[in-house]
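1. sequence and predicted model, in that order:
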Amino acid sequence: MTSALKEKIIERMEAKNLSIAELERRAGLSIHSVRNIIKGRIKKPSAQSLQAIAEALECSLMDLVNASSTTGDDLASLSQSKKSPPVDYPELMLECAKTVLTLIKDCDPRVSVDEYLDIVKKVYFYSSKEEPRKANLRFAEWLTETQLGSSCFPAKG
């Protein structure tokens, strides 16, 4: 997790006047889970944990993920902006595109090009902030399911 993302969590906690323990309670997470994320003991928190933290902080996951964006735009606005940042990692972009295409190939064939590209863009920007730079499958699965609806995916468990 990037230090910018940690800072965004801390900044939002302070704005809401929440302690780490209170954030963990509101997010429904185990004791010390947020502390371990902030301290860097958990390098890649799950999308579900980040979503729970975002909900407890009354913001979107994209608001937290965006914290590491060098442009200052959030990922949601990136999909609507006229000009987005350059593709710094072409191989990563290709891997993200293939990953998302694989995830949606069995879904509703009416997934639009815009929906597909929006998901690819968000997965790319999220994955480009991690080391090693490779498509984050868990984030891609979560985002695809969130944006296209759970009917596209078999129930897990």
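-> On my side now, so go ahead.

2. for the closest residue to residue 57 other than its chain neighbours, which three-state class applies?
-> Nearest residue to residue 57, sequence neighbours excluded (CB to CB, 6 or more residues apart in numbering): residue 12, at 4.3 Å. C-beta here means a position set from N, CA and C on the backbone, and glycine is covered the same way. Of the three states, residue 12 takes helix according to DSSP: H, G, I helix; E, B strand; the rest coil.

3. distance of residue 12 relative to residue 123?
-> 23 Å (CB to CB, to the nearest Å).

4. now do residue 57
-> Summarising the geometry, the distance separating residue 57 from residue 123, computed by CB to CB, is 22 Å.

5. what of residue 104?
-> 12 Å.

6. neighbour count for those two, which is higher?
-> A side-by-side neighbour count of residue 104 and residue 123, using other CB atoms under 10 Å, places residue 123 first with 28 against 20.

7. how near is the more buried one to residue 98?
-> Distance, residue 123 to residue 98, using CB to CB: 11 Å.

8. now do the shared contacts for the two.
-> In the contact map built from CB atoms under 8 Å, 6 or more residues apart in numbering, the residues linked to both residue 123 and residue 98 are residue 135.
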